[in-house]
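S.K.: Predicted structure and sequence below. I'll ask about it afterward.
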Amino acid sequence: MSRCPFGTSRTRRFIPWASISIPGIGWLLFGLYPSLATIVYSFTQYSGLPGTPVNFCGFCNYTNGFTALWGELWPAIKTTLIYVAGVTILQNAIGLGLAMLMNRPGRSYTFYRALIFMPQIFSVAVVGTTFALILDPITGPAENAWHGIFHSTSAFLGDNTLALPLVMAVNIWMFSGYSMLIYIAGLRNIPKPVYEAAALDGAGKWRVFRHVTWPLLAPATTVNVFLTAMGTLGEYALILVLTGGNFGTKTLGLYMYDSAFGSNAQLGYGSMLAILQFGLTLVIGGGLLWALRRREIQL
Amino acid sequence: MSIRRPVAIGIVAVVAATSAAACSSSKSSGSGSAGPKETLTIAEWTNPGAVDYTKALDAQFEKAHPNVKINFQNTSTANGAWGQLSNSLLQSKSVDVLAQFAPTQKAFPPSFTNIKPGGPAALIEAGQLVDLKDQPFMKNYDMTAQQSAIGYNGGVYGVMAAEYAGAGAIWYKKDLLAKYNMTVPTTFTEFLADCAKLKAAGKTPIFLAGKVGMQGGIWQGIENQTLMAGKQPADSTQVSSDRANAFWNGTQNWNNQAYKDIGAKYQQVMQYIEPAAAGVDQQTAPGLWAVKSDDYPFLLDGSWDSSTILKANPKLNVGLFVLPGTDNAADNRVPVKPDLTWVVPTSAPHKDLAMEWLTMFSDPANYQNWLKATGSMSTEPSVSNSGTSWMDWLNQHTSDSFVQLTTPWIPQGASNDAAGPDYYKLAPIGSDSLDTILNRSASAYTKSIGK
Amino acid sequence: MSGTTAMAALADQGPHAPAQNPRRQLKQPSRVARLARLSGRQLLCFVIAAFVFAAPLVYLFLQSFKTFTGFLQDPTGSPHPWTKQNFSDAWSVGDFGREMINSLIYAVIPVTITLTLGVFLAFPISRGWFRHSNVLYSFFIFSGFLPGGLIPLFIEARALHLYNSMPGYLLMVSLSGAGFFFFVGYIKGIPKEIDEAAALDGCGYIRFIFRIVIPQMKPALATFAIFGFVGSWNNLILPLVMLSDKSLWPVTRGLYSFFGENTQNWPLIAAGTFIVAAPILLLFILLQRFLVEGVAGGAAFGTQGVTKAAADQGDAE
């Protein structure tokens, strides 16, 4: 613990506390408190409608989820894991590829990078609208392409095998610009002499990448993998707009949303699912960080 | 860095805009508070025809009450937005007239089930809504229908203002049917034969938005007519509660032969739908169907989409009928689903004004325009129909229509399967067979009632 | 809590000067070959950027120049006849003008306050002025993953009289963003010696933060600002729940109603969408060069914080 050098000997002790007081109190009021209340709701039977009773029922939502509703809960967890793993791996691979390609000086590359980054500044509703139009099986351009290649029709977002990969693809399309930027940041932090030494050794392009770039990108990879995984774990808005969670795309986040705010709202059960998701986030996030940091040290 | 200047300009512009905004908004609020105005808050979910009509009525109301300003709120039901909005309006005790989906009697299971009501029924039970039974404007409505839609313990807690032909409702292109010498089919066999004939002629008979589950309408249409066969229209509430009791007692379940037969018919109809229908969104379906005037003779969609269809292709000669689900023409009646219901919360700040607004709404002349705008069937006996041309078939079949059957009582925390088949998973939209689906629903139901 | 320290270290990239592009000097091929390769790469980059990333949005944009029936008759083709009617219709029907100004207020003020307060919160923690600074930091970060609670927040807002009021809404969104904890790593990159020198010169704490620390953090703050602005601009659920008066609505709220009322008129929806997106598009074009620099400067980790906080406000229950 170091000491605050500012202020007089009397005020010195209070400056750090004063500094964090306003944002800290704000966070307690509007950040932490609503979250803690959600934990409380997860032990109740409550519809969320004003004026209706809140009945405490202990662990009823938890036991119900793991017994009677396991048939709904387990597929949601499974879909979430597939979604997170698929998006994390592909988005990172694509982001890295784009970074290698686009990390060049010049105005044109700045422009390309901007275009690639652009999708995520639009709201999920805009992106959903766009792809609903493109993937419409009767009127969309995707249908023309599909018909040209396979000479058949496809329901795209209404197809039980295609829907999940398509939603994942839209997610990757929306956010791979972000991964790209982090990788570019990583590339720029690799000191030039390292490459010069490799070039002197006569190493080919692939070997330079394999033995110089990739290991030195480890911190960027860690950040990227961690952020993508955490971001996609809670994802539901995009899925909601694209498929409404049907055709095998109901993730835990969407299941929670459905339960808490759907037609037959059960805020208690939805809150339980939110807590479950928090647990999953901690386990996956913690595991990933541990593994990624170990890898960084080994490289 | 060359970027600095534009940034600085941008920031200045933003600051200027905000300060200008601050000035203008303070000015406008100043002028707004000039008179002793009262604000009446009305909220409904977005249905284009209904919203347009409500806005027009609000203007009329403001004209009649110069010191009242109406704050009209609406938002889409998609993505849970409407639920959030109505909830927050209720919670803040600031809404006077609020739209709700009619809960129907299914929402109030008998006490032996120990099921607590949800949705609007929970609000009624918790005393959050005003009993409108004795309001003068209620005399305009058919009280039996109102009782069954939103009645509870002798009170009537809302005005059910719209009911639609939803289950099995089919829009059709009159000219296309005439071209193949067809009239509106009256039996299930005839309907299938028509579909086969149209398919042989190179047409895709049925269009529907499978992405949002519209195919469920086929099942529900057949189910309603089958279970109501030989019964009086007025008996539908009884039929619903008899079935609910039979399910509760374990004497009936989803895997009974009756549902297997309904499912088999459903699958027969489904072979005539657009092959890629599973990916079609309701956002595109009616417009697209209307424009393709030489294909897709049938569109599976409720009567509420009339305005969209007519707007997309005003020249199209359309009509609406209900899928004949049985082979006895007399049993193929129209199931009608109670829908938008106006309620007045007990927390409403301007109850008197709310009643005046509802009085104006219920005026038969106004109500007729409401029907025209929404495509709803009439709930006021003195107003027979909206007089629109596509309603010809429906008008002839209004007298023996019945209130759509409700599903059995489902305890809280039950799996969604317990409420009946999942049309997304059932073949041909999904990949599960009829037996799989029905057995899954049956066991989910059995599990949910703990037997 | 080793995970947290790992995260702290992750974010601890500090304001390094970005290194130059390293690969240009690897080999010295002939000019012609280099030019050919260069233009080949240029072409590939252009194709990817334009046809994979920009094309879907351009497709949507093109729809906005069609008439409703024109769209229905030829959904994939180019507009014929071209019409600008949708934009004027959307503008007048959607009443976006006043809402845009509200949106600007809801975006600019909270982002400014959040960023400023964020520096004040992060600085003492980053400098380790508390006995358990690390524990505090871990706690803040992990609490960021807790589920949000819209209904409790709403009930709280009612009790504190923040419901349906512009200052109330601003207060709530300005104070609830948890993203600022991620400045901690960035501040560690600013040498401690500066503090002591400033304090010896008699510089007060508040002045020190505004005059010395904040200018040092420009790339990080700019990156945060973009994400924060975008997040606030696109926020829908919170304004839907917290603001009932039409005169207080931001533009997304209006757009959503507009969507609902014109569900099937895609060209009109596309026009409305682009009207609403235009200001962020403009901001993005103005600031996009900061993005790369900000991320390269180590703000990457933090940006997610702000977007996440904004998203939590927006989407989570």
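M.R.: All right, it came through fine.
S.K.: okay, CA-based contacts and neighbour counts for the rest of this
M.R.: OK.
S.K.: Show me where chain B dips below the pLDDT cut-off.
M.R.: B:1-36, B:79, B:385-386, B:451 (pLDDT under 70).
S.K.: At which residues are the strands of chain A located?
M.R.: In order along the chain, chain A carries the following strands (DSSP state E): A:44-45, A:55-56.
S.K.: ok, the closest residue to residue A:29 other than its chain neighbours to residue B:339 distance?
M.R.: Spatial nearest neighbour of residue A:29, chain neighbours left out: residue C:176 (7.7 Å); criterion: C-alpha to C-alpha, 6 or more residues apart in numbering or on different chains. Distance of residue C:176 to residue B:339, given as C-alpha to C-alpha, to the nearest Å: 39 Å.
S.K.: The two: which has the busier surroundings?
M.R.: residue C:176 (24 against 19; other C-alpha atoms under 10 Å in any protein chain shown).
S.K.: Pull up the gap between residue B:436 and residue B:255, please.
M.R.: Residue B:436 is 9 Å from residue B:255, by C-alpha to C-alpha.
S.K.: quick one: which of the two has more around it?
M.R.: Higher neighbour count among residue B:436 and residue B:255: residue B:255, with 20 against 15, using other C-alpha under 10 Å.
S.K.: what about that one, distance to chain C?
M.R.: Counting by C-alpha to the nearest C-alpha, to the nearest Å, the separation of residue B:255 from chain C is 37 Å.
S.K.: domains for chain B, by residue range?
M.R.: B:38-161+B:339-362, B:165-337+B:404-448 (automatic domain parsing).
S.K.: Would you state the helices of the stretch 1-150 of chain A in chain order?
M.R.: All helices of the stretch 1-150 of chain A, identified by DSSP state H, counting those that start in this stretch, fall at A:15-27, A:33-41, A:60-66, A:70-102, A:107-117, A:124-134, A:141-150.
S.K.: so which of these gets nearest residue B:448?
M.R.: helix A:60-66 (10.2 Å; C-alpha to C-alpha).
S.K.: Low-confidence ranges, chain A, go.
M.R.: In chain A (pLDDT under 70), the answer is A:1, A:262-264, A:299.
S.K.: So which residues on it come close to chain B?
M.R.: A:47, A:49-53, A:61, A:64, A:68-69, A:72, A:132, A:136-138, A:153-160, A:240-241, A:243-244, A:246-247, A:261-262, A:264-266, A:269 (C-alpha under 8 Å from any C-alpha of the partner chain).
S.K.: again, 7 Å this time
M.R.: A:47, A:49-52, A:68-69, A:136-137, A:153-160, A:240, A:247, A:261-262, A:264 (C-alpha under 7 Å from any C-alpha of the partner chain).
S.K.: are any of those buried, and which?
M.R.: For the residues of chain A next to chain B, a burial check counting by 16 or more other C-alpha atoms under 10 Å in any protein chain shown picks out A:47, A:49-50, A:52, A:68-69, A:136-137, A:154-160, A:240, A:247, A:261-262.
S.K.: Which residue lies nearest the spatial centre of chain C?
M.R.: residue C:227 (1.4 Å; C-alpha atoms, centre = their mean).
S.K.: what's the spacing between that residue and residue A:118?
M.R.: 12 Å.
S.K.: give me the number of residues near the nearest residue to residue B:282 once chain neighbours are set aside?
M.R.: Leaving aside its chain neighbours, residue B:282 sits nearest to residue B:209 (5.1 Å; criterion: C-alpha to C-alpha, 6+ apart). If you count neighbours by other C-alpha under 10 Å, residue B:209 ends up with 24.
S.K.: Please give the element, helix or strand, for the residue nearest to the centre of chain C.
M.R.: helix C:218-234 (DSSP states H and E).
S.K.: List the buried residues of that helix.
M.R.: Those buried within helix C:218-234 under the rule 16+ other C-alpha under 10 Å are C:219-234.
S.K.: Which single residue of the stretch 151-300 of chain B ends up nearest chain A?
M.R.: For the stretch 151-300 of chain B and chain A, the shortest gap (C-alpha to the nearest C-alpha) falls at residue B:279, measuring 3.8 Å.
S.K.: Touching, that residue and residue A:137? I think so.
M.R.: Yes - using C-alpha atoms under 7 Å, residue B:279 makes contact with residue A:137 at a distance of 5.9 Å.
S.K.: Now list whatever residues contact both of those two.
M.R.: Common contacts of residue B:279 and residue A:137 (C-alpha atoms under 7 Å, 6 or more residues apart in numbering or on different chains): A:155-156.
S.K.: which residues does the residue nearest to residue B:282 contact?
M.R.: B:277-278, B:280-282, B:285.
S.K.: ok, it to residue C:103 distance?
M.R.: Residue B:209 is 35 Å from residue C:103, by C-alpha to C-alpha.
S.K.: What residues does the residue most central in space within chain B make contact with?
M.R.: In chain B, the residue lying closest to the centroid (C-alpha atoms, centre = their mean) is residue B:339, at 4.9 Å. Each residue near residue B:339 by C-alpha under 7 Å, 6+ apart is listed here: B:101-102, B:160, B:162-164.
S.K.: out of these, who's nearest residue A:286?
M.R.: Set against residue A:286, the nearest of the contacts of residue B:339 by C-alpha to C-alpha is residue B:101 (44.7 Å).
S.K.: which residues does that closest one contact?
M.R.: Taking C-alpha under 7 Å, 6+ apart as the test, what residue B:101 contacts is B:339-341.
S.K.: Kindly report the same for residue B:335.
M.R.: If you count contacts by C-alpha under 7 Å, 6+ apart, then residue B:335 has B:165, B:167, B:224, B:401-404 around it.
S.K.: Identify the bridge partners of it.
M.R.: Residue B:335 has these beta-bridge partners by DSSP bridges: residue B:402.
S.K.: Tell me where chain B has strands.
M.R.: Counting by DSSP E, the strands of chain B are B:38-45, B:68-75, B:97-101, B:151-152, B:155-156, B:159-160, B:163-165, B:169-173, B:206-207, B:298-300, B:318-322, B:335-338, B:340-343, B:402-403.
S.K.: winner for burial among those?
M.R.: Each of the strands of chain B was scored by mean neighbour count; the highest is strand B:159-160, a mean of 28, by mean count of other C-alpha atoms under 10 Å in any protein chain shown.
S.K.: Provide the contact partners of it at residue level.
M.R.: Contact with strand B:159-160 is made by B:102, B:146, B:149, B:338-343, as judged by C-alpha under 7 Å, 6+ apart.
S.K.: What residues does the stretch 251-400 of chain B have near chain C?
M.R.: B:283-284, B:287-288, B:291, B:312.
S.K.: can you do 6 Å?
M.R.: B:283-284 (C-alpha under 6 Å from any C-alpha of the partner chain).
S.K.: what about the helices in the stretch 251-400 of chain B?
M.R.: With DSSP H, counting those that start in this stretch as the criterion, the stretch 251-400 of chain B has helices spanning B:257-270, B:285-291, B:306-312, B:351-362, B:364-374, B:392-396.
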